[in-house]
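Engineer: make a model of this:
(one chain, ligands or ions: 1)
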Amino acid sequence: MSEIEDLLREDLRGQTAYGAPQLDVPVQLNTNENAFAIPDDVAAVIEEYISREIRGLNRYPDRDALALREDLAAYLGHGLTPSQVWAANGSNEILQQLLQAFGGPGRTVLGFMPSYSMHPLLARGTGTNFVDALRDADYTLSPGHVGWAIEAHDPDLVFLVSPNNPTGTALDPAVVDAAYEASRGIVVVDEAYAEFARDASSTALGRLEGRPRLVVTRTMSKAFAFAGARVGYLAADAELIEKLLLVRLPYHLSSLTQAAARGALACAPQLQAEVDELKHQRDRIVKNLRAKGLPVADSDANFVLVGGLVDAAAVWKAVLDQGVLVRDVGLPGRLRITAGTEEETTALLDAFEIVMKQEP
Ligand code: PMP
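Structural biologist: Predicted structure coming up:
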């Protein structure tokens with residue numbers, strides 16, 4: 001063990017960092033980004049918002065991001081007020097703040113894997129014990145299973161994900177209710193991909209009223225095509241949000257980020273104009289791969305999980321050799337594929353066609 005490894009926190013020794021490969025290939029369908037660049041007219045609006053901030057950069061930003069929270073509340077609707085919305089650098093930071101405030105050493109967060117790989121890593125980073133209660137073979141979750149798992153583990157936080165990454169599975173709203181009723185702790189519904197759901201009413205936002213321990217997390221990284229700006233947010237009870245101020249870094253969200261996000265929100269319909277196209281490409285992948293006899297989970301996100309591969313790592317590499325990067329999420333026989341533009345999706349399907357002929 002090196003001297004540095006020796007000095008490291010014991011629970012971090014020998015661990016590996018989050019690392020989706022970032023390879024320079026023509027078709028990148030590996031990180032569930034939005035395939036469409038920001039259109040020129042929207043870029044001009046965002047530039048305007050940002051440029052207004054530049055001369056004032058000698059000052060710290062609005063610590064509480066009030067104007068941005070107003071815009072986010074208006075975007076979310078459901079009667080939410082700015083005091084019920086909070087923003088940070090990506091929903092990863094939002095989730096981290098929730099764990100810092102309500103998890104930590106001696107506390108437990110319950111998740112249902114396979115799910116978002118950062119949840120256990122964020123738990124580890126905050127010293128929170130992560131317990132995995134798994135899910136059904138078709139990746140769904142039932143109210144009964146979730147209720148049982150909560151009773152068995154008595155967690156301080158529960159992480160639900162809808163639509164779930166990497167499976168694309170949307171959650172039956174009855175599961176959120178069951179989790180809330182069974183739990184004494186914070187129930188988080190990670191809705192990073194909500195805008196891609198086939199049934200828009202499946203969001204948990206409408207369930208926040210009267211449920212002060214319920215939190216819905218969202219991001220601008222996916223439907224808003226804004227992953228590079230790093231803006232995530234949550235909707236929850238105002239008192240819960242006040243407690244997050246205990247752990248957030250002062251001035252955590254830069255003036256430039258707040259301005260860029262406000263500019264993007266002012267153009268929400270134009271930015272989300274391609275969501276329907278991405279859903280169409282997602283459904284095209286599902287249909288095409290199923291026609292090849294491969295099992296593909298129903299997806300409400302901008303990606304699909306394909307199974308039935310004899311050697312997923314070999315298929316990943318062979319598809320990469322065709323210039324298409326997808327994601328090996330470490331599930332035996334399965335790969336995750338992000339829906340791209342029509343051309344990218346065609347390239348993906350062509351690559352799969354060639355590779356499947358070679359698969360043993
Ligand atoms: N939650 C889920 C389920 C995700 O898949 C992701 C991104 N891959 C995130 C949260 C984090 O997104 P961001 O930090 O970009 O908002």
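
Engineer: which residues does stretch 137-155 contact?
Structural biologist: 108-110, 112, 114, 131, 133, 135-136, 158, 160, 164, 167, 169, 171-172, 174-175, 177-179, 181-185, 297, 305 (CB atoms under 8 Å, 6 or more residues apart in numbering). Bear in mind the C-beta positions are built from the backbone N, C-alpha and C, glycine included.

Engineer: give the buried residues for that stretch.
Structural biologist: Neighbour counts over stretch 137-155 (16 or more other CB atoms under 10 Å) mark Tyr139, Thr140, Leu141, Pro143, His145, Val146, Gly147, Ala149, Ile150, His153, Pro155 as buried.

Engineer: closest one of the residues you listed to the ligand?
Structural biologist: Nearest to the ligand, judged by CB to the nearest ligand atom, of these is Tyr139 at 13.6 Å.

Engineer: which SS class is that closest one?
Structural biologist: coil (DSSP: H, G, I helix; E, B strand; the rest coil).

Engineer: and the nearest residue to Leu110 once chain neighbours are set aside, how close does it get to Asn34?
Structural biologist: Excluding the flanking residues, the one nearest Leu110 by CB to CB, 6 or more residues apart in numbering is Pro155, at 3.8 Å. For Pro155, the distance to Asn34 equals 33 Å [CB to CB, to the nearest Å].

Engineer: which of the buried residues of stretch 137-155 fall within helices?
Structural biologist: Pro143, His145, Val146, Gly147, Ala149, Ile150, His153 (DSSP state H).

Engineer: contact residues of the stretch 51-200 of the chain facing the ligand?
Structural biologist: Residues of the stretch 51-200 of the chain lying close to the ligand by CB under 6 Å from any ligand atom are Gly90, Ser91, Asn92, Tyr116, Val161, Asn165, Asp190, Ala192.

Engineer: surely the fourth one and Tyr193 touch.
Structural biologist: No - proximity of Tyr116 to Tyr193 does not meet the contact threshold set by CB atoms under 8 Å, at 10.2 Å.

Engineer: intersection of neighbour lists for those two?
Structural biologist: Asn165.

Engineer: of those two, who's got more company?
Structural biologist: Tyr193 (25 against 20; other CB atoms under 10 Å).

Engineer: I figured that one hits Pro166, correct?
Structural biologist: No - if you go by CB under 8 Å, Tyr193 and Pro166 don't touch, sitting 10.9 Å apart.

Engineer: if I look at Val324, how far off is the ligand?
Structural biologist: According to CB to the nearest ligand atom, to the nearest Å, Val324 and the ligand sit 19 Å apart.

Engineer: what's near enough to touch that residue?
Structural biologist: Val324 touches Val25, Pro26, Val27, Leu29, Glu344, Ala347, Leu348, Ala351, counting by CB under 8 Å, 6+ apart.

Engineer: swap in 7 Å and give it another go.
Structural biologist: With contact taken as CB atoms under 7 Å, 6 or more residues apart in numbering, Val324 is in contact with Val25, Val27, Leu29, Ala347, Leu348, Ala351.

Engineer: mind listing which of the residues you listed are in helices?
Structural biologist: Going by DSSP H, the helices hold Ala347, Leu348, Ala351 from those.

Engineer: of these, which is the most crowded?
Structural biologist: Leu348 (27 neighbours).

Engineer: quick check, pLDDT for it.
Structural biologist: Leu348 is assigned a predicted lDDT (pLDDT) of 97.

Engineer: with Glu359 instead?
Structural biologist: 63.

Engineer: can you tell me, leaving aside adjacent residues, what's nearest to Phe112?
Structural biologist: Phe112 sits nearest to Arg135 (CB to CB, 6+ apart), 4.7 Å away.

Engineer: could you measure from the one you found over to the ligand?
Structural biologist: 14 Å.

Engineer: tally of neighbours for that residue?
Structural biologist: The number of residues near Arg135, taken as other CB under 10 Å, comes to 21.

Engineer: what are the ranges of the strands in the stretch 1-150 of the chain?
Structural biologist: 27-28, 85-88, 108-111, 129-132 (DSSP state E, counting those that start in this stretch).

Engineer: what lines up beside the third one in the sheet?
Structural biologist: According to DSSP bridges, strand 108-111 forms sheet pairs with strand 129-132 (parallel), strand 157-161 (parallel).

Engineer: what's the shortest one in contact with?
Structural biologist: Outside strand 129-132, the residues within contact range by CB under 7 Å, 6+ apart are Arg107, Thr108, Val109, Leu110, Gly111, Met113, His119, Pro120, Ala123, Arg124, His153, Pro155.
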